[in-house]
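Colleague: Next come a sequence and a model predicted from it.
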Amino acid sequence: MNVQIYNTLTRAKETFVPQEPGKVKMYVCGPTVYDYIHIGNARPVIFFDVVRRYLEYAGYDVNYIVNFTDVDDKLIKKAEQLGLTVPEVADKFIKAFNEDIASLGVHKASLNPRVTEHIPSIVAFIQGLVDTGYAYASEGDVYYRTSKFEDYGKLSHQNLEELQFGIRIEVGERKENPQDFVLWKGAKPGEINWESPWGPGRPGWHIECSAMAREYLGDTLDIHGGGHDLQFPHHECEVAQSEALTGKPLANYWMHNGYIHINNEKMSKSLGNGITVNELVKRIKPAAIRYFILSTHYRSPLNFTDETIAQAENSVERIANCAANLKHRLSAFGGQVEGAAVGTELDERLAQLKTQFEAKMGDDFNTPDAITAVFELVTEANQYLNRADATAEGTAALLAALEQMNAVLGLLPEAGADAELLDEEIEALIVERTEVRKAKNWARADEIRNLLTEKGIALEDTPQGIRWRRL
């Protein structure tokens, strides 16, 4: 299955060819775990979840690594504010992160390595750079010599003299060159630290990803991803460190998602317009958040407004209603039908929609156009269910096609995600309610309806019988 990826390094779309047939080594930079993630953090989390899902859909075995930065200036400051240790702060917000991404339907990474659990390999990596002259020690710190790496700037496509250095350390007299960046920070009094050949300290920001990516995925990754803001300096510095040490490309394909704006303004702390995910999911359906993220191409800016979210909620409800209608009709037919003939016309249309979906996803993960294919399928399904000659086989085929697309995009809640009741439990309660109503046991009928309402299940009378959907 052909997949084209826009490679930040070459500024062109390229056919994806992994190093090892059938297997993908994929690394995406994870959060610095000092606070709750906001909607801007959620964009790469959701998008790269879809990238990983589609590659698996295409038949690849994906080793998907997302790191946790669990020691950093921000964690040290937050620990002081909360009266906790740095590891306690990290544990608190890693737990929050996992809860938030689960609420968004994001599948867990293959592994989430933590910086503090990889200090020896990070120190060894830095020592290798010192030994080859790419790094130097200075008063307890260790810095990378950017001038020694001739290709510095090749990822962000900037000249060394033009770069704006957003390095997480102030320029000081200990550097040979203001453009050099820190690999190891000497510890200040009272700070968390580890022993090293250069004295007690902790890793710089950039070195951690180079070391952990290499440890779990080898010298060269197939795909390295993250937000556009990480392109420089973080990923640029990763390239310099890793390629200086190994002499090999750090990654064959680089992917970066665009920014999120809030009401046409860039999200920033100074404006106070950040929206955390754990607050957002309390008032917006998680599926609508995913839809919002995926409704714009990942490399384009995305604008969060009440109107765009309302549109997303309406859209996912339409998809969910279609799925519910198909399941209900299939249940009325007596259940799932496997291997039966569908009919040439419907079979051809489903094959066409599948091809359309795969073509769009294979074109640099064009999720907006892939969603268009989903809605064409929804329209097809709704029209089919209104036909007098609709069959169990056709209904099952439509449902299977919708579930296949959803397995990639994740726009429908997974079983148990939005309520404690599973689909089959809901169906059983509806059957029971129908029977007790026939027996005029109104108390039990009301009890079942109230239970379903409490669990977020709405019942609707239709010409085909009672239909249910999750609210």
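Modeller: Perfect, I can see it now.
Colleague: okay, and for the stretch 101-250 of the chain, where does confidence drop off?
Modeller: Along the stretch 101-250 of the chain, segments meeting pLDDT under 70 span 160-173.
Colleague: Residue 324 reaches residue 468, doesn't it?
Modeller: Yes: between residue 324 and residue 468 there is a contact at 6.6 Å, judged by C-beta atoms under 8 Å. C-betas here are computed from N, CA, C, even on glycine.
Colleague: quick check: longest helix of this structure.
Modeller: When the chain is parsed with DSSP state H, its longest helix is helix 306-333.
Colleague: What residues of that one count as buried?
Modeller: By 16 or more other C-beta atoms under 10 Å, the buried positions in helix 306-333 come out as 308-309, 312-313, 315-317, 319-320, 322-331, 333.
Colleague: Buried residues in the helix or strand just after that helix, which are they?
Modeller: Of the helices and strands lying after helix 306-333 in sequence (DSSP states H and E), the nearest is helix 344-362. Under the neighbour-count criterion of 16+ other C-beta under 10 Å, helix 344-362 has 346, 349, 350, 353, 356, 357, 358, 360, 361, 362 buried.
Colleague: next structured bit after helix 344-362?
Modeller: The C-terminal neighbour of helix 344-362 among helices and strands, as given by DSSP H and E, is helix 367-385.
Colleague: Which elements pack onto that following helix?
Modeller: helix 286-294, helix 306-333, helix 344-362, helix 392-409 (3 or more C-beta pairs under 8 Å, 6 or more residues apart in numbering; DSSP states H and E).
Colleague: wait, residue 72 sits on residue 206?
Modeller: No: assessed by C-beta under 8 Å, residue 72 is found out of contact with residue 206, at 11.7 Å.
Colleague: Now do stretch 217-234: distance to the chain's middle.
Modeller: 15 Å (C-alpha atoms, centre = their mean, to the nearest Å).
Colleague: what are the phi and psi angles of the nearest residue to residue 209 once chain neighbours are set aside?
Modeller: Nearest-residue entry for residue 209: residue 238, 5.5 Å, with adjacent residues in sequence omitted and distances by C-beta to C-beta, 6 or more residues apart in numbering. As for residue 238, its main-chain torsions (degrees, to the nearest 10) stand at phi -60, psi -40.
Colleague: what's around residue 238, how many residues?
Modeller: Look at residue 238: counted by other C-beta atoms under 10 Å, it has 26 neighbours.
Colleague: and it, what is it in contact with?
Modeller: Applying C-beta atoms under 8 Å, 6 or more residues apart in numbering, we find residue 238 in contact with 206, 209, 210, 213, 224, 250.
Colleague: what's next to the helix or strand in which the second one is found, contact-wise?
Modeller: Following DSSP H and E, one finds residue 209 within helix 205-217. By C-beta under 8 Å, 6+ apart, the surrounding residues in contact with helix 205-217 are 25-27, 29, 63, 65, 67, 69, 72, 111, 113, 115, 118, 121-122, 124-126, 167-168, 181, 183-184, 203, 221, 224, 233-234, 237-238, 241-242, 245-246, 250.
Colleague: Kindly write the ChimeraX command that selects the buried subset of these.
Modeller: To isolate the buried ones among the contacts of helix 205-217 in ChimeraX, judged by 16+ other C-beta under 10 Å, type:
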select :25,26,27,29,63,65,67,69,72,113,115,118,122,125,126,167,168,181,183,184,203,221,224,233,234,237,238,241,242,245,250
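Colleague: Next step: the contacts of helix 205-217 restricted to helices.
Modeller: Here DSSP H is the test, and those give 121, 122, 124, 125, 126, 237, 238, 241, 242, 245, 246 as lying in helices.
Colleague: from memory the second one sits against residue 116, does it?
Modeller: No: using C-beta under 8 Å, residue 122 is not in contact with residue 116; the gap is 9.9 Å.
Colleague: and of the contacts of residue 238, the nearest to residue 99?
Modeller: Closest to residue 99 out of these is residue 209 (23.9 Å), distances taken as C-beta to C-beta.
Colleague: and the gap between that closest one and residue 357?
Modeller: 33 Å (C-beta to C-beta, to the nearest Å).
Colleague: So which residues of the stretch 51-200 of the chain form helices?
Modeller: 73-82, 86-103, 119-131 (DSSP state H, counting those that start in this stretch).
Colleague: The last one packs against which elements?
Modeller: Using 3+ C-beta pairs under 8 Å, 6+ apart as the contact criterion, the elements in contact with helix 119-131 are strand 135-138, strand 141-144, strand 181-186, strand 201-203, helix 205-217, helix 236-246.
Colleague: What strands flank the third one, and is each parallel or antiparallel?
Modeller: Spelled out, it's strand 181-186. strand 141-144 (antiparallel), strand 201-203 (antiparallel) (DSSP bridges).
Colleague: any chance of those in TSV, with distance to residue 87 too?
Modeller: Formatted as TSV, the strands paired with strand 181-186 follow (distance: least, C-beta to C-beta, whole Å):
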stretch	distance to residue 87
strand 141-144	23
strand 201-203	12
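Colleague: Report the contact partners of residue 13.
Modeller: Counting by C-beta under 8 Å, 6+ apart, residue 13 makes contact with 4, 5, 6, 7, 363, 364.
Colleague: per-residue pLDDT, it?
Modeller: Per-residue confidence (pLDDT) for residue 13: 98.
Colleague: would you say it is within a strand?
Modeller: Yes: counting by DSSP: H, G, I helix; E, B strand; the rest coil, residue 13 is part of a strand.
Colleague: Do I have it right that residue 401 meets residue 353?
Modeller: Yes: judged on C-beta under 8 Å, residue 401 makes contact with residue 353 at a distance of 6.6 Å.
Colleague: could you measure the closest residue to residue 382 other than its chain neighbours against residue 413, distance?
Modeller: Using C-beta to C-beta, 6+ apart and skipping the chain neighbours, the partner closest in space to residue 382 is residue 322 (6.2 Å). The gap separating residue 322 from residue 413 is 14 Å, by C-beta to C-beta.
Colleague: That's all I had, so thanks and see you.
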